[in-house]
Structures are given as structure tokens and as C-alpha cells.
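Peer 1: here is my input; please provide its structure:
(2 chains)
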Amino acid sequence: MGRRILHADFNSFYASVACFLDPALRPHPVAVAGNPEARHGIILAKNELAKKFGVKTGEAIWEAKQKCPLLVTVKPDFESYQKFSALGRAVYSEYSDRVEAFGLDENWIDVTASTSDMADAHRLAQVIRNRIHEELGITVSIGVADNKVFAKLGSDIKKPDAVTLVSPDNYQSVAWPLPARELLYVGRATEAKLMKYGIVTIGDLANTPEAFLRAQFGKCGTMLSAFANGLDASPVQHTVDQIPVKSVGNGLTTPRDLVNDEDVYLTISMLAESVAMRLREHGVRAKTAHLSVRDSGLFSFIRQTKLDHPTNITIEISRACMQLFRANYTWQAPIRSLTVSCSDLIGVDNPMQLSLFDDEAPRRKAEAAEVAVDDIRRRFGYRAIGRALFLKDREIGLMAPKVDHTVHPVGYLQNATMDSVVGRR
Amino acid sequence: MKVYVAVELTVDEAGVMHPQRILWEDGRKFEITSISDVRRAASLKAGGSGIRYTCRVGKKDAYLYYEDPKWFVDP
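Peer 2: Predicted coordinates for the structure are as follows:
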């Protein structure tokens, strides 16, 4: 029954890649950050030197520079991050077919079948750590445990370039003294709530009766109790079983505030174009569109609408979102950011209910035209062809969300049931 | 930073590449007399990674990296 699971976490991933690719950066405190001119100026990652000055991920560039005036900031390079991420997974895949990615920089590896016992797994983790350093040039911290949650906890303990064992024999001395906040699924709100009951460490959490946690937190309470006791039973997914896409969205904080419907339509069209492309890439059509609006006062709301036909055509999505906007916004303030997303996805091969009244031909032509544009872009680059609409405003129109978009980590509980998550020792 | 170089190489019928010569920017050609090791490796000095060929050039060994589709050497 005992499993052996590794959690490999690239140290300061974006910053490490940046410093590896450009040796001139290495003696300096470095942070990878968005573009302050386009108002994306926050710290995405920092190197060891920058960390010493107190630079924190998520704070604004100006805040970081107050603490560290000599900080060198560089732009993100997602192509390189994806390359390194794939190279890492290629190494892990040599030891197991159960390699589950958690974002670009983290992976769980189930090595039960390739090792004989915990000590063997610990040795394998060292081998992998060395190979990553030798072959990729950046470092990884690895946690070794008999479940995913403790393995992830382990990789956070010693950084950089280290292996930590959190085994059934030592978890009480290694994991329990840590603050409850370190546990997966304990965020700021849960931490505060636990604090009220005097639950500070993971050990406190583990020793709190499960019935009490269930009464306070519902099903999450049962889960937290299991996690703290090392009873997480969720499997490391097979590489091929990865979760099918449930929704596709793109959001953008615009370089300047939007002040009229025309500005908004331009931005929505751009986002819709990117979403439509990605829907086609996944071979799906969407039945629902959502629009999220945030104004300059940072007040935000989301509205959704059912689409007339399942679609992956840009203009149908952008029109639906524009309608949502007109119906729900009264221009009390300029707009700072918008997000267009689509859900309720069905495969393109699924038979569609044809309408008796509409002529399907124009829709089919529109979809075919978009597919042709996709192909031109694939062959000649994204900017080889573009909508005339975007020439109206150079600043907003020339961004290319599909190419430049940020990747967010997927949720931990996507395919879980209570049984798959809570085990028994 | 990495220095990309031109390389003369032969490819055998199995698709395996055999670098023969490194062509330097000033026109000099460095003959590779033998290859002792081929493995995936990173060069911290150059700031890059790829398949590293340990090549005998003259009396010394040199590292030549294949970073699809280009080749570079340690500076």
C-alpha cells in the first residue's frame, strides 16, 4: 500500500532561467517582472540575491525597488520557461509514467514502481536533482513522501537545490512543527479561522478532532484533517490522463484606461479572437460566454450569457460580450481590465442542433475563414495577418494575448472525489 | 554569452550527426579529430544547454553544444 512520491519544484523558476541564460545577470539581485509601461508591473519571480533584500513575488516594481534600489528587472520569456519545463518533465518521465504537472515549475512523480523502499526513493531523488542541474543548468528542490501533500511540503523546506524526506517515520518531527499555512489548501482565510481556535501548526491541525474540523469547515475540514495526518490518497495522474479543458479565457489589463464603448469593443474583440483561436485549437465550441469587468477603482463584476449557437467564431463571442457590457455597465468610471471567457464546451465533431430559420452557410464560412487565418499565423507568425479593427488603436490593438499569455497553475482538486482524497493509514 | 558557431558535420544513414570541423568567425577551421562523449548537458559559462559533444581539437578537448537548430561553444 505504501506509495513513494516525489515533488520536484524548480527554485525561483523564472528568475533562475533568466540568470542561467544571461550570465551577466548572475552577480546582481534580479527579478522577472511585467512591463510597468503597460501597467503589468509586478514581480513574478526573484533570485536569491533579490530575496535577501526582501523583494516579494506579487508586489509592485516600485515597492521592490524601494527595498532594493539596485534591482535589475527583466521581462518574462514564456517560451524559455515552457522549454525548460518540458526538459524537466522529460527527465522525470525516464523514471515513471505517472508525472503530473502542477503549473510550469512543479511536478509530482510517482516512483513506487521504480523504487524498492523510501531510502531508494530518496536516492532516486538525489539522482534526479543532480541530472536537472547537470542537464538543464537550473536547480530543483525535491520532497520525498508517501503522499502528494507531504511531498509538496517537503520540496518547500530546503531551498535551493536540495532533497527533503517527509516519511511515515519522520513526518511528525518534520511536518508538524510547520505553520498550518504551509499545507496545501490552507490560504489566508483558513489560516485566520484556524488561528481563532488556537490551531497554529500542522501538528495542531492533525491533532484536532476531525468532527470539529468538519463542523467548522465542512468537507474541506475532513480534507484538511486527512492532509495534516499524511492521509492524502489522491493519485499522481498518468501523464496521458490529464484533465480535459472546461473553459477557455483571456484577460487583460490595458495599457491605458478605456473610456468609451469603442475602446471596450476593440479590447473585447482582441480577447475574443484569442479565446476563439484556443477553442479551435482544443477542437471545441462553447455554449456560454462570460465577461469580467474591472474599473479604475478596482471594483469588478462578472456577467454571463448563453450563446445562440455553440461557437468558436470570434465575432459571435465578441458581440455577446459587448451586449453583456452594454447591459451591465453605466460608465461610472473608466475601465482598467477586461476578461472574456467561454465555457460549456462541446467537441466540434458533436452533431449540432441546426436551426430551421437561420442559414448555416454564413456561419460555416466564418468558421472556415478563421481556421484559414489560424493556419496563416501558424506558418508565418501571429502578426502576419490581423483584423483591420485593431489598426484603430495601435497601443491596444497590437498586443497578442494568445502568444504572450500567462499560464496559471491548474487546481489540485479537479478530478477528485472525497474517497480519492481521504485515505486511511 | 554564448558564441554560436558554424559547424561542418556529416550525418550517417541512421541520422546520427558527426561534427567534423568548427568554423570560427575569422575564417579559421578547427578540425575535430575525435569525439569522446555525447550527452545532454548545460553550460553555466555560456548560459545555455543542449547535447554536449566532447571534441578533441588539436591537443585539447573542447565542448561543442547542439542547441537545436544551432551550435555553440563555451566562451
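Peer 1: which one of the residues in chain B is closest to chain A?
Peer 2: Closest contact between chain B and chain A, by C-beta to the nearest C-beta, is at B:A42 (2.9 Å). To be clear about C-beta, it is placed using only N, CA and C from the backbone, and glycine gets the same treatment.
Peer 1: in the helix or strand harbouring that residue, what's buried?
Peer 2: Element membership of B:A42, judged by DSSP states H and E, is strand B:29-43. By neighbour count on 16 or more other C-beta atoms under 10 Å in any protein chain shown, the buried set for strand B:29-43 is B:F30, B:I32, B:V38, B:R40, B:A41, B:A42, B:S43.
Peer 1: can you give me the neighbour number for the residue in chain A positioned nearest to chain B?
Peer 2: Nearest to chain B in chain A, going by C-beta to the nearest C-beta, is A:G137, at a distance of 2.9 Å. Neighbourhood size, A:G137 [other C-beta atoms under 10 Å in any protein chain shown]: 22.
Peer 1: and for the one 3 residues further on?
Peer 2: Look at A:V140: counted by other C-beta under 10 Å, it has 31 neighbours.
Peer 1: what of the one 10 residues further on?
Peer 2: A:F150 has 30 neighbouring residues, counting by other C-beta under 10 Å.
Peer 1: one step back: next one: the strand holding B:A42 to chain centre, how far?
Peer 2: 5 Å (C-alpha atoms, centre = their mean, to the nearest Å).
Peer 1: what about that strand, average pLDDT?
Peer 2: Averaged over strand B:29-43, pLDDT sits at 94.
Peer 1: A:S269: what's it in contact with?
Peer 2: Residues in contact with A:S269 (C-beta atoms under 8 Å, 6 or more residues apart in numbering or on different chains) are A:T314, A:I315, A:S318, A:R387, A:L389, A:F390.
Peer 1: which of these come close to chain B?
Peer 2: With respect to chain B, and counting by C-beta under 8 Å from any C-beta of the partner chain, no part of the contacts of A:S269 is in contact.
Peer 1: buried subset of those residues as a ChimeraX selection?
Peer 2: Only the buried members of the contacts of A:S269 end up in this ChimeraX selection, burial being decided by 16+ other C-beta under 10 Å:
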select /A:314,318,390
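Peer 1: pick the one among the buried residues of strand B:29-43 closest to A:A64.
Peer 2: Ranked by distance to A:A64 (C-beta to C-beta), these are led by B:A42 at 28.3 Å.
Peer 1: still on that earlier bit, quick check: the residue nearest to the residue of chain A closest to chain B when sequence neighbours are not counted vs A:S114, distance?
Peer 2: Computed as C-beta to C-beta, 6 or more residues apart in numbering or on different chains, the closest residue to A:G137 that is not its neighbour in sequence is B:A42, at 2.9 Å. In this view, B:A42 and A:S114 are 25 Å apart by C-beta to C-beta, to the nearest Å.
Peer 1: ok, which pair from the contacts of A:S269 is furthest apart?
Peer 2: So, the contacts of A:S269 by C-beta to C-beta: farthest apart are A:I315 and A:F390, at 13.6 Å.
Peer 1: can you pull the contacts of the residue of chain A closest to chain B?
Peer 2: A:F20, B:A42, B:S43, B:L44, B:G47, B:G48, B:S49.
Peer 1: return the closest of these with respect to A:A175.
Peer 2: Of the contacts of A:G137, the one sitting nearest to A:A175 (C-beta to C-beta) turns out to be A:F20, at 31.4 Å.
Peer 1: now do the contacts for the closest one.
Peer 2: So A:F20 contacts A:G137, A:I138, B:A42, B:L44, B:G47 (C-beta under 8 Å, 6+ apart).
Peer 1: same question, A:H122
Peer 2: A:V144, A:V163, A:L165 are the contacts of A:H122 under C-beta under 8 Å, 6+ apart.
Peer 1: show me chain A divided up by domain.
Peer 2: Chain A resolves into domains spanning A:5-10+A:85-236, A:13-79, A:247-404 when parsed by automatic domain parsing.
Peer 1: CSV for these, including mean pLDDT and distance to B:R21?
Peer 2: As requested, those are exported to CSV (pLDDT from 0 to 100; distance: least, C-beta to C-beta, whole Å):
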stretch, mean pLDDT, distance to B:R21
domain A:5-10+A:85-236, 93, 26
domain A:13-79, 90, 27
domain A:247-404, 85, 34
